[in-house]
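**Q** Provided below for reference: sequence and predicted model.
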Amino acid sequence: MAFEFLKAWKLNKQVNDALPVAEVIDWDILSTLDLLEDHSKEDILSYFERFGDVLYISEFYKAVEDFGEHIVNSFIDLWGIEDVEHVEDAYNGEYRSEAEFAEELCNDCFCNDLPYWVSIDWQNTWDSALRFDYDFSDGIIWRTSW
């Protein structure tokens with residue numbers, strides 16, 4: 001009997017802790033309890049305040065764990081939270097400039113046999129050819145065809 005009382009008391013405490021979160025994010029209590037198993041109340045509320053939705057919270061935290069908050073935030077600024085699962089597909093490294101990326105990509109892919117669209121002016125190569133397939137934001141190169 002005491003064990004059942006303890007279980008009921010623990011469940012009651014969890015529900016009471018989850019209820020304010022469930023009301024803010026407009027979720028049912030069982031889904032909120034599941035969410036609270038993996039994330040703190042403060043993280044959930046902060047995330048909800050920032051994005052207005054918690055559907056992508058697990059993908060967001062996994063991406064932050066894998067790539068870091070700076071990279072994930074840059075991705076979200078470009079494409080939005082709905083596409084956060086594509087960070088790994090889109091991330092192409094960090095560079096000081098588009099020209100640095102263009103030079104490295106062309107040297108890695110074509111060695112001495114450069115295609116017609118490559119200009120020795122690496123910024124021009126970026127502007128005339130590569131910018132259509134990549135984005136540059138906050139020092140990060142993103143592949144746009146994920």
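**A** It's in.

**Q** C-alpha from now on. contacts and neighbour counts both.
**A** Fine.

**Q** which positions within the longest helix along the chain qualify as buried?
**A** Longest helix of the chain, by residue count under DSSP state H: helix 2-25. For helix 2-25, the neighbour count (16 or more other CA atoms under 10 Å) marks V15, A18, L19, V21, A22, I25 as buried.

**Q** any idea which helix or strand comes after the one helix or strand F136 maps to?
**A** Using DSSP states H and E, F136 sits in strand 134-137. Where DSSP H and E defines the elements, the next helix or strand beyond strand 134-137 is strand 140-143.

**Q** report the rounded mean pLDDT for that following strand.
**A** For strand 140-143, mean pLDDT rounds to 93.

**Q** N112: what secondary structure?
**A** Classification of N112 using DSSP: H, G, I helix; E, B strand; the rest coil returns coil.

**Q** which residues touch stretch 93-100?
**A** Residues outside stretch 93-100 that contact it (CA atoms under 8 Å, 6 or more residues apart in numbering): F101, D121, W122, Q123, N124, T125, W126, F136, G139, I140, I141, W142.
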